[in-house]
Structure formats: C-alpha cells, structure tokens
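[1] Pasting a predicted model and its sequence here:
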Amino acid sequence: MGDHCGDVKVQLGQMKSLGEDAEKEGVDPEEEMPVSSPSASPDPTGRITTAPGTDALSTNICKQKGKRGSKNPCGKPLQGFPAHAVKNFNSPICDQTLHIKGMGTILQGKTAESNGNYVHESSNTQETRCEDEFKLPRKRRPVTVDTSKAKTSLEALKLSIKELQWKQFHTGRRAACDIYWHGVSFHDNENIVSGQVNKFPGMVEMLRKINLSRAVRTMQELFPEEYDFYPRSWILPEEYQQFFTEIRMVKESDGTESPTFIVKPDGGSQGDGIYLIQDPVDLKLVVGTQAKQAVVQEYIHKPLLIDKLKFDIRLYVLIKSMQPLEIYIAKEGLTRFCTEPYQEPSQKNLSRVFMHLTNYSLNVQSGNYVHSDSQNTGSKRTLSSVLYRLAAKGVDIKRVWSDIIALVIKSVIAVLPDLKVHYQADIPPAKPGPTCFQILGFDILLMKNLKPVLLEVNSNPSMRIEHEQEVAPGVFEYVPSPVDEQVKVGVIRDTLRLMDPFNKKLTATPQPRGGGSDPVEVIPADGDSQGRSPDNADNLPPLCLKQVYPKYTKQFNHLRLVERIAALFIRFLGVKGNMRLGPTAFRTFIRTCKLSNSNLTMASVDILYIDITRRWSFALADSREAGMGLQAFVEAFFNLAGRRFKSLALREQVVSLLDLCESQLGPQSGAEDRRSLSCSRALPRGGRTQALYLPHPRPISPAAHRRATSQDCRPHQRPKPRTLRANVEN
Ligand code: ADP
C-alpha cells in the first residue's frame, strides 16, 4: 500500500482483495459486569439513546481527515479524493453519540472511568524512568516509534502518531526506538534488544487454526461448560477416522439428521479454501500428493441475522502484557455482512459463499456489496450500530457484551501457556530483548439465540483504513473508509497511549523472563485504571480500550491451570531457547517431583514419553525439533494425574498433581501462580451454559481417546460429558 491511498489505480484483472477481516465493535461493560456475576441484573430496558456528539473523539477524527485532505465525516470536503469516492462520508459518525444505559458510552461517549497505563521495564527506557517524573513532567522528549516494518498498518499508525505528537521513523533508526511496530510478526526485525514490539513471539503459530483448536480443546476437557463457545472441531488428517465414525453414528441414529461442517485449511485466511460439507466423504483430504492440514468444524447453522443476512463481529483485543496478564478490549468493533440472504445449509446452497461466509475479501467481489456510507448501513458496519439495532428490538445487549468479554478472556487464557513457551525460547532470561504487546482480531459469530461463538483469532488483523473501489469500469482506486478509520485509528492510537514508556502513573509490570511465575501483580484488580486517558488527557479523547483483565481476575483465574503445567515444562526445558523436552529432562521432571513409585516405574515413564512424543510428532508434521512439546507434555501430565488420583475427576486430578509437583519443587515454584490460580476447584459458571451444537452427546476428545487407549496408560476418570441440546432459538 502506498502512502497516498487515493493515488493507486489498478486494472480490473489485477484487482486484489484488501483482505479486510478486521472490524470493530464498541460496547463497554458495566463496572460490575461481565461474567463476574451471573446474577448481575441486566439493564431492564436495554435502552440506547443517541445524543448530539461533538466530543473529543469525533472532533479528532474530523480533524485528521481534514488534514489528510479528505472529506471528513462531519461534512467538510475531502481534498484529493474523487467525489464519488467520498460521497459516503456524510455519515452520522459525527452526528451522534451512542449511549447504552448502564453500560458507559459507545464510540464517542465520555466516561467517568479512568484508564491506566503500565510501564514495561526495558533497558532503553530504564534510565529515563529513573528520573523523577515530577521534575520533568512537561518537556519530555517525544516517544519514538519505528514504523519501517508496519506494512499495511502504516496509514492508521501515522495518523495515530501524529495525534499523539510522537515521532515516527519510517525508515528505521540507528539508535533504539521506544516502540517498534511490526506488520506481521515478532521476527519482522530480528535486531531489537530493547523497547517494545507490537508482536509476541509465537502468536502467529499459536493462532493458526489447528493450534488454536488444540489449545481450546484442552481447556474444553478441563472446563467443558466454560469453553462451550467454540464449535466442535476435528483436526485433519489425523482425526479423520474419528470424525468419519462420529458423523456416521449421528446419521445412523437419526436418519433425518444432516449436520453441516465447515472445512478450513490450517494456514488459510480470508475464506481461502473453505468449503461446507454434509457428508464426510466429501472431504478433500489430499492436495496433490500432500495430506491437507485442516480443521473441520461444526457449522453454526442458525446464526443471528440482520436484514436476512448473516454477519460476524470483528473485535480488537490488546494483550498489553502476558505476565502479568493484561487484556484490553476495544469498545467499538466492526461487523461484516454476507451479501446474499441466508438460508440454512442444504445440498443446494452449500457452495454459495456469499450466503455462508462473512469474509470481506469474498463478499466485496459480489455485485451486492455495499461500501459503507455510514456506520449503520452497508456491508461493513460498526458493532455499536448493530447492537443499537438489537437493543431497539429488546435484546439484552449488556448480556451479549459480557458474554463476548468472557469469550475473549477465556480464549486468551487458552493460548497463553504455549505463548509463554515461545516467549522464553525467543527472549530467554539472560538475553536482552524487548517487551511485547499485541493487537488481536477476534472473529465472533452471534447465534440466533445470541450466544457468541468464536470463529477464529487473527494474530495480524488488517489495520487498513481504505478500501479498493471501482471508480470507472475496470478502474479501481483506494478510497478512505470512514468506518475503518474511525475504529482502527482509535485502536492503534490508544494502544500506543497504553504502551507509552514515559507514563509512570502506575507501577512497572515487567514481563516474564524465562516464563517463570507471575511477579506480584501490582495492577489494581478492581480495574480502576479504566477509561482515564494516561497522557495528554486534555487533548485526547478517552481511551477506546477497556481493561477486562486483571479487572475480572476473580471470575477467570481458576481457568489458568495449564499455565501452571507450562511453568513446570519450562522449568525442565533446560537449554535456553529450547521448546521441547528431551527424554532425560522428562525423567528429571518425574524424579524431581517424586512421581515414580511402584505403579509408575521409570521404565513405564520412558514408555509414556516415547508413546506420546511419537504420536505428537505425527501430529506436528512440520516440526523440525525433536522431543516433547508443551501440548504433548500436557497430555502426559493428564495421564500421570489420572494414574495418581484415580478417584477424582480430571480437573481435580490435574490440580492435585500440580500441587504435588509444586510442593516438591519448593516455595519458588509456581508460588505466585498458585496464589493467583489456586481456585481451580471453583465451580464453572453455570446458568447460561448452552450446548450449541450437534444434538448428540459430546464424544471423548481425540487427545483423551489417545490417553485412554495408550498401551501404557490407564484411562483416567473423565469429566462428566456435557449434554448437548438442540439450540434454543429466540
Ligand atoms: P478465514 O481465516 O479463512 O477467514 P474463518 O474461520 O474466519 O476463516 O472462517 C471464514 C468465515 O466462515 C467466517 O467469517 C464465517 O462467516 C464462516 N464460518 C467459519 N466458521 C464457522 C462455523 N463454525 N459456523 C458457521 N460459520 C462459520
């Protein structure tokens, strides 16, 4: 993408989708909100009001657009863009502020909440930080941002930096910068030894479809009710037989039953290679001579429709810090609409992508695609405008929002253990390195009964703020997209504000070095850092990012069980930069934790190691490193827990074994984790658990199946399978 988005022209044959998948949303849970209290009384009216909005954010947006020479959403002419390209800018974006009673303000709204900022220790900011902030409060040097690797985020990033009056280095800089903005991954620039990078190592890998499915399934085994927001999934080709058998059984038990499945290639994005099937024989297992790695997933066949169209939500989530865990959610998001009226899947319509897939990159190619001329019409809208519509119909949108927040926190908790392993491998404790943060794009579908379902998480959500448009037959130009700009510039700007290395309003919270236990969490757990502008408060709007963790620590910390297993794993990895456990290290783990006894001889430990590692090496076909990875270790750990504490259910088995291991390893081991994570026996939040999916009991998971059938493994007691009911639709 060039710097001047209005200049680019391409011919029809060269049209390339912008790959937009990201879009925003914007609701704000109440202080007492999300899942924190199942009994929290929803707003009885769900009432939304609009009010004239001339607040800081809208003013700012208008200012930016004006500066860029474009017609701004307040009606001022945009220079440099053809009239047809900007005709839709007369949007209500600046005309109104959306409020949800009892939920704070969406979009431009001001809030009394305050927002906080934590400083991450890094070598190049350390010195500055040592100065007395009160001596130099006003004349500090501007924060420096290296934007040389920003790629398609560059336009939005430039606007954000300008608003903040920071300094950007778009060709890089010899001296260290405070912040490095990478367009793709942590490794975009390998030479960073200080400052902050907007990507975590391993995030791209962990959020690939197969790895995400595995991580969530592990959590489903431990907390089935809490993780029922992710459709049942099978990993191909390794679980083909199980998939085939299960579906056959469903069909045979109910001849009228014809469940639908969506098949997604592992490395795919933007809907590429996705197809629907109703019979396992229709799976395309091989491409050329290669077995195709893919996830086959239960298709949510009753999505919520608006204007008869299926849509999904793109929500921006900031992982501000991994240790201690800090998660922020953007109050505004995007919704992406299909371009053909939805019908439940049938053999006749399975291949109609404009009906079933919400990807922007696909639907923009449909003749029915409507480029948004405002936030509440067109094929891409703001989340708040959709919630507004729903609230007007009497939907309890506060509940929907709190369910979405819960989904986000739980999903992050699922991938965190693997991320910690990557982190210690890429930035081992002794090595100088940057600290990390990352904006993720969550794709969420609302079912007809309003339950949110996680579709996928994008490690690199599009931050483009312009889109291609056909301005004359066969001639395409990049034109500004006000909806994108409104959402994405806010997300980037406020991410930067939260990462401002000079803001010392709150105590520093160093990230893990070596994946050890969390340091003492100095972040106020009551979320009193919400909403307040960290810096330049007079000139900037309130933050559009809302802290949800550690704010809701109490409600979710009991889920952070696998992280404790990961801490053990990392402890025994030994070699710096390693991500796999060798057989000797595994034996050392068993010995140090005193796990061997007459029922578990060291010979059977070796067999367990070989058995599990061999199976996982097939599962991880592209893996070049030998040994036992974290997910295999988790499986081994579950197995050991099952042997040791036969009479307990899986979750209690795991907790008991963790307690045992940590006690053997002494007070340092996982002490902090234990303190903060020890509520693993807490009952899952009941109440709204709904089985979404297939109308048959959930079968034993493939991993559990392997554990149970392993020659060296005795089956452990499994958690009670969740009952699957047909959807209860509104
Ligand atoms: P990609 O990364 O290729 O966009 P996604 O997992 O986001 O893959 O799926 C693409 C689209 O397919 C989604 O935007 C959504 O519209 C639809 N989709 C994906 N999974 C499901 C599902 N389980 N049920 C219903 N629709 C789905």
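    Alright, I've got the coordinates. Numbering: from 1, shown residues only.

[2] For the rest of this, base every contact and every neighbour count on C-alpha atoms.
    OK.

[3] need the residues of the protein near the ligand, please.
    Neighbours of the ligand within the chain, by Cα under 6 Å from any ligand atom: 231, 268-272, 297-300, 357-359, 455-456.

[4] Among those, show me the least confident.
    Among the residues of the chain next to the ligand, Gly268 carries the lowest pLDDT, at 87.

[5] what number of residues lie near the residue nearest to Asn211 when sequence neighbours are not counted?
    For Asn211, ignoring the flanking residues on the chain, the nearest one in space by Cα to Cα, 6 or more residues apart in numbering is Glu205 at 7.3 Å. Counted with other Cα atoms under 10 Å, the neighbours of Glu205 add up to 17.

[6] Glu205 and Gln365, how far apart?
    Between Glu205 and Gln365 the computed distance is 29 Å (Cα to Cα, to the nearest Å).

[7] max-length strand in the protein?
    Once the chain is assigned using DSSP state E, the strand that runs over the most residues is strand 309-322.

[8] Mind exporting the C-alpha coordinates of that one to PDB?
    This file holds the C-alpha atoms of strand 309-322, laid out as PDB (Å, rounded to 0.1, in the frame of the first residue of the first chain):
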ATOM      1  CA  LEU A 309     -28.100 -11.500   6.200                       C
ATOM      2  CA  LYS A 310     -25.500 -13.500   8.200                       C
ATOM      3  CA  PHE A 311     -22.800 -11.300   9.700                       C
ATOM      4  CA  ASP A 312     -19.900 -11.700  12.100                       C
ATOM      5  CA  ILE A 313     -18.100  -9.400  14.500                       C
ATOM      6  CA  ARG A 314     -14.500  -8.300  14.400                       C
ATOM      7  CA  LEU A 315     -13.400  -7.300  17.800                       C
ATOM      8  CA  TYR A 316     -10.000  -5.800  18.600                       C
ATOM      9  CA  VAL A 317      -8.200  -7.000  21.700                       C
ATOM     10  CA  LEU A 318      -5.000  -5.700  23.100                       C
ATOM     11  CA  ILE A 319      -2.700  -8.100  25.000                       C
ATOM     12  CA  LYS A 320      -0.800  -5.400  26.800                       C
ATOM     13  CA  SER A 321       1.300  -7.800  28.800                       C
ATOM     14  CA  MET A 322       1.500 -11.500  29.100                       C
END
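
[9] Is Tyr328 in a helix, a strand, or coil?
    strand (DSSP: H, G, I helix; E, B strand; the rest coil).

[10] Point out where this protein drops to low pLDDT.
    Scanning the chain for pLDDT under 70 picks out 1-139, 287-288, 373, 504-538, 618-625, 667-730.

[11] Residue ranges of each domain in it, please.
    Per the TED database, the structural domains of the chain span 144-187, 203-503+539-555, 580-665.

[12] quick one, which of those is packed in tightest?
    Highest mean neighbour count of the domains of the chain: domain 203-503+539-555, a mean of 21 (counted as mean count of other Cα atoms under 10 Å).

[13] Now do that one: distance from first to last residue.
    OK, domain 203-503+539-555 end separation, Cα to Cα: 25 Å.

[14] wait, Lys264 sits on Tyr275?
    Yes: counting by Cα atoms under 8 Å, Lys264 touches Tyr275, with 7.1 Å between them.

[15] burial measure for Lys576, as a count.
    Using other Cα under 10 Å, the number of residues around Lys576 comes to 16.

[16] Am I right that it is in a strand?
    No: under three-state DSSP, Lys576 sits outside any strand and is assigned coil.

[17] give the contact list for it.
    Residues near Lys576 by Cα atoms under 8 Å, 6 or more residues apart in numbering: Gln424, Ala425, Pro428.

[18] Confirm that the residue nearest to Asn211 sits in a helix.
    Yes: assessed with three-state DSSP, Glu205 lies in a helix.

[19] And Ser459, its phi and psi?
    For Ser459, the backbone dihedrals (degrees, to the nearest 10) come out as phi -80, psi -20.

[20] Could you do Leu362 as well?
    Main-chain torsions, Leu362, degrees, to the nearest 10: phi -90, psi -50.

[21] and what of Gln547?
    Dihedral angles for Gln547 - degrees, to the nearest 10 - are phi -70, psi 130.

[22] ok, now Lys292?
    The phi and psi values for Lys292, taken as degrees, to the nearest 10, are phi -90, psi 130.

[23] Correct me if wrong: it contacts Leu283.
    No: shown here, Lys292 and Leu283 do not form a contact pair, counting by Cα under 8 Å, at 10.1 Å.

[24] The residue nearest to Asn211 and Ala215, how far apart?
    Distance from Glu205 to Ala215, by Cα to Cα: 12 Å.

[25] what sits opposite Leu276 in the beta ladder?
    Beta-bridge partners recorded for Leu276 (DSSP bridges): Ile262.

[26] if I look at it, how far off is Ser346?
    Going from Leu276 to Ser346 by Cα to Cα gives 10 Å.

[27] Ser372 too?
    30 Å.

[28] Over to Val364?
    Applying Cα to Cα to Val364 and Ser346 gives a distance of 24 Å.

[29] On the three-state scheme, Tyr180 is what?
    With three-state DSSP as the criterion, Tyr180 reads strand.

[30] dump the residue contacts of it.
    By Cα under 8 Å, 6+ apart, the residues touching Tyr180 are Val145, Asp146, Thr147, Gly195, Gln196, Val197, Asn198.

[31] Please name every helix or strand in contact with the helix or strand that Ala632 is a member of.
    Element membership for Ala632 (DSSP states H and E) is helix 630-644. For helix 630-644, the packing partners by 3 or more Cα pairs under 8 Å, 6 or more residues apart in numbering; DSSP states H and E come out as helix 397-426, helix 562-573, helix 602-619, helix 650-664, helix 702-709.

[32] Do I have it right that His170 meets Asp146?
    Yes: between His170 and Asp146 there is a contact at 6.1 Å, judged by Cα under 8 Å.

[33] quick revisit: now tabulate the contacts of Tyr180 in JSON lines and tack on secondary structure.
    Output for the contacts of Tyr180, formatted as JSON lines (three-state DSSP):
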{"residue": "Val145", "secondary structure": "strand"}
{"residue": "Asp146", "secondary structure": "strand"}
{"residue": "Thr147", "secondary structure": "strand"}
{"residue": "Gly195", "secondary structure": "coil"}
{"residue": "Gln196", "secondary structure": "strand"}
{"residue": "Val197", "secondary structure": "strand"}
{"residue": "Asn198", "secondary structure": "coil"}
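
[34] Between those, which sits nearest the ligand?
    Asn198 (21.0 Å; Cα to the nearest ligand atom).

[35] My guess is the closest one contacts Ile439. True?
    Yes: between Asn198 and Ile439 there is a contact under Cα under 8 Å: 7.4 Å.

[36] which SS state does the nearest residue to Asn376 once chain neighbours are set aside fall under?
    Excluding its sequence neighbours, the residue lying closest to Asn376 (Cα to Cα, 6+ apart) is Ser385, at 5.1 Å. Following three-state DSSP, Ser385 is assigned to helix.

[37] Pull up the gap between Ser385 and Leu600, please.
    Distance from Ser385 to Leu600, counting by Cα to Cα: 59 Å.
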